[in-house]
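Engineer: no letters, just coordinates:
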């Protein structure tokens with residue numbers, strides 16, 4: 001990535017590029033990207049959402065035909081996996097050498113396309129890279145004159161346990177600002193020597209006019225059925241809960257590769273009659289209004305949108321305290337209950353506490369709905385625009 005110089009021209013609106021691994025893959029980052037694209041567009045900015053590859057089969061999100069901004073995907077199909085990085089192997093294996101050369105050539109050609117798009121931007125343009133894998137292509141492009149912001153949509157600890165940790169250190173070290181989701185995570189990255197790190201929370205996905213009445217005897221879980229989301233842990237806790245509350249139901253919204261195993265676990269625990277598998281839903285507010293308690297049983301999180309959605313709907317939450325983003329959103333004992341990670345007995349106890357006490361549900365639900373408004377779209381977009389102005393100076 002080239003060193004960038006900026007014009008100091010004040011602009012009322014900007015070209016904003018949001019660059020992700022994919023434009024249309026199901027998941028929180030796609031939802032966040034398109035929410036921010038709409039919000040920036042409504043403020044008069046010219047927005048272009050860019051993806052490196054198309055979504056995998058079965059994981060495509062239908063974006064509709066009425067987007068008020070452009071979208072572009074650089075590859076027609078997912079590029080081959082990058083060959084192993086060992087220099088010696090590439091020297092002695094001609095097949096591996098050709099694969100490596102083809103991979104780099106493909107990256108450079110797509111990066112050149114990014115350069116063309118960036119050069120057409122007006123003064124004050126901003127490139128927001130939402131995932132570090134996508135940053136590998138942006139780093140090959142010419143970003144002279146642009147502000148480049150790199151984001152990590154996961155907690156520091158989750159990133160540190162993954163291959164992304166070293167890539168963040170490598171590819172985000174020269175961006176104008178790296179953003180995490182919480183101040184606590186930002187401080188941890190600063191200790192790693194990245195002194196240009198700040199924090200930016202996710203905005204509220206919605207704020208319904210009508211909250212949940214919290215009278216339905218339903219506990220709800222919403223999220224992808226993946227090992228990281230910990231639905232297996234929730235089922236363990238539910239097996240302890242449902243014995244004393246046979247008139248309550250656990251409604252699990254979501255789909256994913258873990259569903260068959262989770263259904264088997266449900267049968268093994270003997271709780272099939274009290275668990276409903278609802279699949280994906282296009283009406284999250286409706287699903288939440290029909291529930292009284294929300295459960296977040298994840299093994300890892302960033303700044304969980306589902307938690308914010310539940311609180312906006314006035315549904316009190318019980319959540320594993322697995323990341324700074326969780327405790328940034330929920331104030332324990334005030335607007336929800338936090339549980340030590342993977343402690344299924346404590347999770348069961350806290351679920352029962354809310355299920356058994358209507359007054360407590362109402363008090364925490366109302367407090368949650370008030371408190372989560374600090375992440376309103378107006379407040380978060382204003383913070384983004386203040387950051388754009390700061391970095392353009």
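Structural biologist: Arrived safely. The structure presented is a predicted model; accordingly, all values stated were derived computationally and were not measured. Residues are numbered from 1 along each chain as shown.
Engineer: helix, strand or coil: sort out the residue lying closest to residue 181 once chain neighbours are set aside for me.
Structural biologist: In space, residue 181 comes closest to residue 303 once its chain neighbours are excluded; the distance is 3.8 Å by CB to CB, 6 or more residues apart in numbering. Every C-beta, even on glycine, is put in place using the N, C-alpha and C of the backbone. Counting by DSSP: H, G, I helix; E, B strand; the rest coil, the backbone at residue 303 sits in coil.
Engineer: tally of neighbours for residue 303?
Structural biologist: By the other CB atoms under 10 Å criterion, the neighbourhood of residue 303 contains 26 residues.
Engineer: give me the distance between it and residue 180.
Structural biologist: 9 Å (CB to CB, to the nearest Å).
Engineer: follow-up on the earlier one: could I get the phi/psi values of the residue nearest to residue 181?
Structural biologist: Phi and psi for residue 303, reported as degrees, to the nearest 10, are phi -140, psi 80.
Engineer: looks like it contacts residue 322 (just checking).
Structural biologist: No: contact between residue 303 and residue 322 fails when scored by CB atoms under 8 Å: they sit 11.8 Å apart.
Engineer: residue contacts, the residue nearest to residue 181?
Structural biologist: Counting by CB atoms under 8 Å, 6 or more residues apart in numbering, residue 303 touches 153, 181, 182, 201, 202, 323, 325, 328, 329.
Engineer: residue 219 and residue 294 touch, don't they?
Structural biologist: Yes: between residue 219 and residue 294 there is a contact under CB under 8 Å: 7.5 Å.
Engineer: tell me how many other residues crowd the nearest residue to residue 113 once chain neighbours are set aside.
Structural biologist: With CB to CB, 6+ apart as the criterion, residue 113 has its nearest non-adjacent residue at 6.1 Å, and that residue is residue 74. Look at residue 74: counted by other CB under 10 Å, it has 22 neighbours.
Engineer: repeat for residue 106
Structural biologist: Around residue 106 there are 15 residues (other CB under 10 Å).
Engineer: so it is in which element?
Structural biologist: Residue 106 is part of helix 94-119, with elements assigned from DSSP states H and E.
Engineer: residue contacts, the residue nearest to residue 113?
Structural biologist: 50, 51, 52, 53, 110, 113, 114, 137.
Engineer: SS state for residue 145?
Structural biologist: Following three-state DSSP, we place residue 145 in the coil state.
Engineer: look up how far residue 349 lies from it.
Structural biologist: When distance is defined by CB to CB, residue 145 is 56 Å away from residue 349.
Engineer: also residue 19?
Structural biologist: 44 Å.
Engineer: in terms of neighbours, single out the busier of the two.
Structural biologist: Each of residue 19 and residue 349 has its neighbours counted (other CB under 10 Å); residue 19 has more, 27 against 16.
Engineer: that one touches residue 134, doesn't it?
Structural biologist: Yes: with contact defined as CB under 8 Å, residue 19 reaches residue 134; the gap is 5.0 Å.
Engineer: shared neighbours, the two?
Structural biologist: Taking CB under 8 Å, 6+ apart as the contact rule, residue 19 and residue 134 both touch 50, 51, 52.
Engineer: tell me the mean pLDDT for stretch 24-39?
Structural biologist: Mean per-residue pLDDT for stretch 24-39: 93.
Engineer: contacts for that stretch, please.
Structural biologist: Looking at what lies outside stretch 24-39 - CB under 8 Å, 6+ apart - the contacts are 16, 18, 20-23, 47, 49, 51, 54-56, 59-63, 67-69, 71, 73, 128, 130-131, 153, 202-203, 205, 224, 302, 304-305, 377, 381, 384.
Engineer: the same query, at a cut-off of 7 Å, please.
Structural biologist: Residues outside stretch 24-39 that contact it (CB atoms under 7 Å, 6 or more residues apart in numbering): 18, 20, 22, 47, 49, 55-56, 59-61, 63, 68-69, 130-131, 153, 202-203, 205, 305, 377, 381.
Engineer: follow-up on the earlier one: need the contacts of residue 74 in CSV (columns: neighbour count, pLDDT and distance to residue 193).
Structural biologist: What follows is these, written out as CSV (neighbours: other CB atoms under 10 Å; pLDDT from 0 to 100; distance: CB to CB, whole Å):
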residue, neighbour count, pLDDT, distance to residue 193
50, 26, 98, 29
51, 23, 97, 30
52, 24, 97, 27
53, 20, 96, 31
110, 19, 97, 30
113, 14, 98, 33
114, 22, 98, 28
137, 22, 98, 24
